[in-house]
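Visitor: quick check, what structure comes out for this input:
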Amino acid sequence: MNKIFFAFTLLMLSKFHAQTWKTDEQYIQRFAPFAVEEMEKYKIPASITLAQGLLETGGGQSRLAQQGNNHFGIKCKEDWTGKTMKHTDDAPNECFRVYDDPRDSYEDHSKFLAYRPYYTKLFSLDMMDYKSWAHGLKKAGYATNPKYAYILIDKIEKNNLQEFDKTNSKEVLYTILKMYPDLKNDGVFMAKLDQSRSTSSPVTVKVPYEQVSYAKQQKNVEKIVSKAEILNAILIKSHPNEGLKFVIIQEDLELADVSKKFGISESRLSKWNELDGTQLKRNDILFLESKSSAGNVATYKAQVGESMHDISQKFGIKLKKLYAKNRMDEGQQPKSGQLIYLQSKKPRS
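Guide: Numbers count the residues shown, from 1 in each chain. I've put the predicted structure just below:
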């Protein structure tokens, strides 16, 4: 009986350790590719991002990282509509963001710096000058610890994280292997390295940051850097209408691109979304399953320029059902301010 218990304990411990990162080195090997991807998109030094992740998570061991995939301690704020968790930080039971994947946390961290005016001056710094970035973050108020900049610099230099500022998303695995040659004995890592040989060349940002206004800087950040990065940025969301799965298109794309990403045929996507073509436009709503027969609210006032299709996508209701509920002919469009019925049929006049 004791032998069985001992074997069971070893099994459980092995499973536990497989899901965590006991050392900074393991964290770096796992998340350096994310930091480099963010550097290419947002021009934030990978060394800085990685050092902040190491510091915030204690090498991946923090509760926020393990239970919420939150690697940078980003709190909910008013504009957050995703999952949340309670965690005691500066005060008891504060609200923190929860992500479906650590990659989303890295992306959100980049946007946190890029979209806020406090950090605008950072993007005029040399991207290879991690020391200036560390001191710039402290000066901008990122952290209250007076030694924050020196702590980041120490993390970077002890782990040679500045090497990741010199690489790109295609070469990052080779950089990791150069830093940690023992990984040659890691079959999983070597398989990943082999797979990377067949990937396309990375596309770097052609429009670098400059010291410009916040509005212009935000516009620069949102420019297309590559189709792959645009597709990676598309996240599945749950619609208020029965939790229907949908996505918001980040930039102009072909329906085939989204079809391939989510493994759903073009014909189904086209049918579910009542599309009359294959070109998707920025900010389009695209459902990944059949829409409902009714809306989650009773009525809605049409806005200037809105079509019935726009309204059907906004509320997750089938277009034919929407026309029927409003006693309108298919193809007829609403007037600005017109009351649109989403649940029951419009009363006969």
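
Visitor: counting by contacts, list what the longest helix seen in the chain packs against.
Guide: Ordering each helix of the chain by length in residues (DSSP state H) puts helix 24-42 first. Packing partners of helix 24-42 (3 or more Cβ pairs under 8 Å, 6 or more residues apart in numbering; DSSP states H and E): helix 46-57, helix 102-114, helix 148-159, helix 172-179, helix 227-232. C-beta coordinates here come from the backbone N, C-alpha and C atoms, glycine included.

Visitor: now do the strands in the chain.
Guide: Taking DSSP state E, the strands of the chain run over residues 84-87, 94-97, 237-238, 245-248, 253-254, 279-280, 285-287, 299-301, 339-341.

Visitor: point out the most buried one among those strands.
Guide: strand 285-287 (a mean of 19; mean count of other Cβ atoms under 10 Å).

Visitor: tell me which other helices or strands that one touches.
Guide: strand 245-248, helix 308-315.

Visitor: mind redoing it with 6 Å?
Guide: strand 245-248 (3 or more Cβ pairs under 6 Å, 6 or more residues apart in numbering; DSSP states H and E).

Visitor: other residues contacting the strand it packs on?
Guide: 234, 236-237, 239, 285-289 (Cβ atoms under 6 Å, 6 or more residues apart in numbering).

Visitor: dump those residues to TSV, plus pLDDT.
Guide: Below are the contacts of strand 245-248 laid out as TSV (pLDDT from 0 to 100):
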residue	pLDDT
Ile234	78
Ile236	82
Lys237	83
His239	87
Ile285	91
Leu286	92
Phe287	94
Leu288	92
Glu289	93
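
Visitor: how about low-confidence regions in the stretch 101-250 of the chain?
Guide: 187-188, 190-191, 194-229 (pLDDT under 70).

Visitor: give me that answer again for 90
Guide: Residue ranges of the stretch 101-250 of the chain with pLDDT under 90: 115-118, 120, 143-146, 170, 174, 177, 180-244, 246-250.

Visitor: relative to Gln303, how far out is Lys281?
Guide: The spacing between Lys281 and Gln303, counted by Cβ to Cβ, to the nearest Å, is 17 Å.

Visitor: more neighbours: these two, which one.
Guide: The neighbour count for Lys281 versus Gln303, taken as other Cβ atoms under 10 Å, is higher for Gln303 (13 against 9).

Visitor: name the nearest residue to that one, ignoring sequence neighbours.
Guide: Residue nearest to Gln303 in three dimensions, not counting chain neighbours: Ser336, with 6.6 Å by Cβ to Cβ, 6 or more residues apart in numbering.

Visitor: same thing with His87?
Guide: Phe96 (5.0 Å).

Visitor: is that neighbour bridged to anything, and to what?
Guide: Beta-bridge partners for Phe96, by DSSP bridges, are Lys75, Met85.

Visitor: how about the contacts made by it?
Guide: Contacts of Phe96 by Cβ under 6 Å, 6+ apart are 64, 70, 75, 85, 87.
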